[in-house]
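Undergrad: compute the structure for the input listed below.
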Amino acid sequence: MTTKPMIILPDPILRKVSAPVERVDDELKKLAGDMLETMYEAPGIGLAAIQVGVPRRMLVLDVSKDENKKEPMVFINPSILSMSDDRSVYEEGCLSIPDFFAEVERPAMVTVRYTDLDGKEQQVEADGLLATCLQHEMDHLDGVLFIDYLSRLKRDRVIRKFTKVARQQKL
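TA: Numbers count the residues shown, from 1 in each chain. Below is the predicted model:
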């Protein structure tokens, strides 16, 4: 497995809508492994394929609390079947928006259908951190970032900051 370079705001690829995965093959399995390696190295708890420059509808997660016991999950072509009316607030961060965190309110529970690495359709009912992480990463697949849930003032401030940093790095 290989770590992949992370796409960082303001790169416009982060706003692309990812295409569905057509088939589960060895290439896709290698990408999933590389994404998990990249996520663990960062370190993070979730990563969408678009964040490593691959506009495909796949994401990886590991919300296990124990660093020594990894519980990697791979979701291919995930879709939300239902979400609760109850809401929860988590402080979110993003590997594509390093060192910035903000509270985001989302549905507390979601039911998600997805394909696994064996090509089998699965369904998971998620709550707590898993529900939040799934929604966060699935947003990436539609070109949505967690900062889009913030006020326009806060969002614009974050975008300006990262645009300035990107400009300075090009010099």
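Undergrad: list the buried residues for the helix or strand containing residue 40?
TA: Per DSSP states H and E: residue 40 is located in helix 26-41. Neighbour counts over helix 26-41 (16 or more other CB atoms under 10 Å) mark 28, 31, 32, 33, 34, 35, 36, 37, 38, 39, 40 as buried. Quick note: C-beta positions are derived from backbone N, CA and C, even for glycine.
Undergrad: show the average pLDDT along that helix.
TA: Per-residue pLDDT over helix 26-41 has a mean of 97.
Undergrad: by mean pLDDT, flag the weakest helix or strand of this structure.
TA: helix 152-170 (a mean of 92; mean pLDDT, DSSP states H and E).
Undergrad: for the most centrally placed residue in the chain, what are phi and psi?
TA: Nearest to the geometric centre of the chain sits residue 137, at 2.7 Å (CA atoms, centre = their mean). Dihedral pair for residue 137: phi -70, psi -40, per degrees, to the nearest 10.
Undergrad: one more: residue 119?
TA: Dihedral angles for residue 119 - degrees, to the nearest 10 - are phi 80, psi 10.
Undergrad: what's the closest non-adjacent residue to residue 85?
TA: In space, and not counting its chain neighbours, residue 85 is closest to residue 107: 7.6 Å by CB to CB, 6 or more residues apart in numbering.
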